[in-house]
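A.B. asks: just coords:
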């Protein structure tokens, strides 16, 4: 079923309409301070008529047989469209930190750079990030580069998600 832009989507969000919906898929993770891993993921970009998208992502770490072994990352936030393709994103994580991201949307590509990261005393140190989302042949491909725990900015997570048919985006 082809994707259609919702009639009640706020006009500021039209450049981001390609993100709307529920996406499912899998990905990989790697970083110098942890072992490599694979995960399943669910991502939702939803709207309620106001000029922002609600973003929600959850993941499950997979075992050697490809089965869900335990919960993984969880994050939620808001994506706000600004004039001339500028984007602001605010994210919160249950591991004790929140981030402000700035970037731009260009066609079916969204690129963001972390500007501010605030953390609790018990959260790991995250000092930088770069996120890239793109619609490629109908699939959502994404990558997250991270600077954390004394490491320079480098690839950390990447995945491929498929839009779930028949899901509500409101």
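C.D. replies: On my side now, so go ahead. None of these values were measured; they are calculated from a predicted model. Residues are numbered from 1 along each chain as shown.

A.B. asks: so where do the strands sit in this protein?
C.D. replies: 21-31, 34-46, 52-62, 68-81, 86-93, 97-106, 109-119, 126-136, 139-148, 154-163 (DSSP state E).

A.B. asks: how about TSV for these, with mean neighbour count and mean pLDDT added?
C.D. replies: C-beta here means a position set from N, CA and C on the backbone, and glycine is covered the same way. Shown next, in TSV, are the strands of the chain (neighbours: other Cβ atoms under 10 Å; pLDDT from 0 to 100):
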stretch	mean neighbour count	mean pLDDT
strand 21-31	18	97
strand 34-46	16	97
strand 52-62	18	98
strand 68-81	16	97
strand 86-93	17	97
strand 97-106	18	97
strand 109-119	17	97
strand 126-136	17	97
strand 139-148	18	97
strand 154-163	18	98
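
A.B. asks: tell me which residue of this structure is furthest from the middle?
C.D. replies: Distance from the C-alpha centroid of the chain peaks at residue 65, with 25.7 Å (Cα atoms, centre = their mean).

A.B. asks: what are the phi and psi angles of that one?
C.D. replies: Residue 65 adopts backbone torsions of phi -90, psi 0, taken as degrees, to the nearest 10.

A.B. asks: wait, residue 106 touches residue 84, no?
C.D. replies: No - with contact defined as Cβ atoms under 8 Å, residue 106 does not count as touching residue 84 (10.9 Å).
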